[in-house]
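1. just coords:
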């Protein structure tokens, strides 16, 4: 497999020029994007207020995460469970270890136990369970996804409501950061995983934003499937850095990739001269920001994401319009504010708690 797809100087095609026109003042625009995500998050209602407790009385929701061996999913499920408890309805997390037969069993359980809704969370692709979801819908269950699709993507027909994430917004922010930090001269290595569906628009958003800011800037793309991160990211990054020593920024789209990127930077002597920024706000990567190994990480509060996910699921069961996206803010963590993320860092510190009061009022709990 050819991992490193190298593009020469990034040219703006006619389509890109139409969708992402060149900026009149690119540095000002880039800094404005970054500053927009430095402010302490405020709560923006994703839809109209409704009486959640009355609507959800007696209803049951079963959520199948892609795997409960992944800390991200554990924390997301914890927040979703807490939100459901506040409203007062039955919420069940289907424990599994990333096995298809376990996901199938979860769907069967939701059907046999007469749940009202089935949620696929934290990266579980509904296309993997097509026949099973068909059976669930035939049995009267509503189907939702949480934290899977990008806001630009359409869910498959087997899904009723989807709690989408602004991956493309994160991509634009990463591109703006790299442009500003390199004083308008980024030579960027983007590391993605096209086997993860939202990764495709995520990477494209980085490329498009850089094209708008600097049509002559250089962008290279390293594509590594999730199953090969531990074996292919380091070697692919080393090859890219050796092939082009002028690379000055690396953007792994998911921050857990950073643990494989940094050894490659160290071996090639690029540490210090090449900077790294990413997305997710994973605690061990935030600790790497504190240590100076990662320059910036775009964080998202999973506590906030859990409440936002439950909000969308309840809207599905209560006949309310689907939200356009989970209203989870993206927050820049760098040396200026990393202390707010906790020591050691965690998934929720640093974002404030505006979402708690916001959702309680939105659901008419107070």
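-> Done, it's in. Note that the structure is a prediction, hence the values are computed from the model and not measured.
2. can you list the low-confidence ranges for the stretch 1-150 of the chain?
-> Scanning the stretch 1-150 of the chain for pLDDT under 70 picks out 1-23.
3. in the chain, which spans are strands?
-> Under the criterion DSSP state E, strands of the chain are mapped to 4-9, 60-65, 90-93, 117-121, 142-150, 161-165, 187-192, 218-223, 249-252, 275-280, 296-299, 331-333.
4. just send these back as a markdown table, with mean neighbour count and distance to residue 317 too.
-> For every residue, glycine as well, the C-beta is placed using N, CA and C. Below are these laid out as a markdown table (neighbours: other C-beta atoms under 10 Å; distance: least, C-beta to C-beta, whole Å):
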| stretch | mean neighbour count | distance to residue 317 |
| --- | --- | --- |
| strand 4-9 | 12 | 43 |
| strand 60-65 | 25 | 8 |
| strand 90-93 | 19 | 12 |
| strand 117-121 | 27 | 6 |
| strand 142-150 | 25 | 6 |
| strand 161-165 | 25 | 9 |
| strand 187-192 | 24 | 35 |
| strand 218-223 | 21 | 38 |
| strand 249-252 | 27 | 37 |
| strand 275-280 | 24 | 29 |
| strand 296-299 | 25 | 30 |
| strand 331-333 | 23 | 30 |
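5. JSON lines for the ones you listed, including distance to residue 208?
-> Formatted as JSON lines, the strands of the chain follow (distance: least, C-beta to C-beta, whole Å):
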{"stretch": "strand 4-9", "distance to residue 208": "13"}
{"stretch": "strand 60-65", "distance to residue 208": "31"}
{"stretch": "strand 90-93", "distance to residue 208": "37"}
{"stretch": "strand 117-121", "distance to residue 208": "29"}
{"stretch": "strand 142-150", "distance to residue 208": "13"}
{"stretch": "strand 161-165", "distance to residue 208": "18"}
{"stretch": "strand 187-192", "distance to residue 208": "12"}
{"stretch": "strand 218-223", "distance to residue 208": "10"}
{"stretch": "strand 249-252", "distance to residue 208": "14"}
{"stretch": "strand 275-280", "distance to residue 208": "16"}
{"stretch": "strand 296-299", "distance to residue 208": "17"}
{"stretch": "strand 331-333", "distance to residue 208": "20"}
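6. list the contacts of the residue lying closest to residue 359 once chain neighbours are set aside.
-> Nearest in space to residue 359, with sequence neighbours left out and distances taken as C-beta to C-beta, 6 or more residues apart in numbering, is residue 307 at 4.8 Å. For residue 307, the contact set (C-beta atoms under 8 Å, 6 or more residues apart in numbering) comprises 79, 80, 82, 83, 355, 356, 359.
7. what pLDDT does residue 307 get?
-> Residue 307 carries a pLDDT value of 98.
8. now swap in the one 3 residues further on and tell me
-> Per-residue confidence (pLDDT) for residue 310: 98.
9. count of residues packed around it?
-> By the criterion of other C-beta atoms under 10 Å, residue 310 has 30 neighbours.
10. check residue 155 too.
-> Look at residue 155: counted by other C-beta under 10 Å, it has 17 neighbours.
11. all helices of the stretch 251-366 of the chain, in order?
-> Assigned helices in the stretch 251-366 of the chain, in chain order: 258-267, 283-290, 302-317, 354-362 (criterion: DSSP state H, counting those that start in this stretch).
12. now the stretch 51-200 of the chain
-> Using DSSP H, counting those that start in this stretch, the helices of the stretch 51-200 of the chain run over 52-56, 71-87, 100-112, 130-138, 167-181, 199-213.
13. elements contacting the fifth one?
-> Translated: helix 167-181. If you count contacts as 3 or more C-beta pairs under 8 Å, 6 or more residues apart in numbering; DSSP states H and E, helix 167-181 packs onto helix 26-36, helix 199-213, strand 249-252, strand 275-280, strand 296-299.
14. for these, which one sits closest to residue 175?
-> Among these, the nearest to residue 175 by C-beta to C-beta is helix 199-213 (3.6 Å).
15. so which elements touch that closest one?
-> Contacts defined by 3+ C-beta pairs under 8 Å, 6+ apart place helix 199-213 against helix 14-19, helix 26-36, helix 167-181, strand 187-192, strand 218-223.
16. the last one pairs with which strands, and in what direction?
-> Looking back up the chat, that one is strand 218-223. Under the criterion DSSP bridges, strand 218-223 sits next to strand 4-9 (antiparallel), strand 187-192 (parallel) in its sheet.
17. avg pLDDT for it?
-> 97.
18. and the angle from that strand to helix 258-267?
-> On the basis of axes from the mean of the first three to the mean of the last three C-alpha atoms, to 10 degrees, strand 218-223 is oriented at 120 degrees to helix 258-267.
19. now strand 218-223: how far from the chain's centre is it?
-> Remark: strand 218-223 is offset 20 Å from the chain centroid, using C-alpha atoms, centre = their mean, to the nearest Å.
20. before we move on, what about the longest one?
-> The gap between where helix 167-181 is centred and where its chain is centred comes out at 14 Å by C-alpha atoms, centre = their mean.
21. now neighbour count and distance to residue 170 too, for the contacts of residue 307, in JSON lines please.
-> JSON lines is the format used below for those (neighbours: other C-beta atoms under 10 Å; distance: C-beta to C-beta, whole Å):
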{"residue": "79", "neighbour count": "22", "distance to residue 170": "19"}
{"residue": "80", "neighbour count": "28", "distance to residue 170": "21"}
{"residue": "82", "neighbour count": "15", "distance to residue 170": "25"}
{"residue": "83", "neighbour count": "26", "distance to residue 170": "23"}
{"residue": "355", "neighbour count": "27", "distance to residue 170": "18"}
{"residue": "356", "neighbour count": "16", "distance to residue 170": "23"}
{"residue": "359", "neighbour count": "23", "distance to residue 170": "22"}
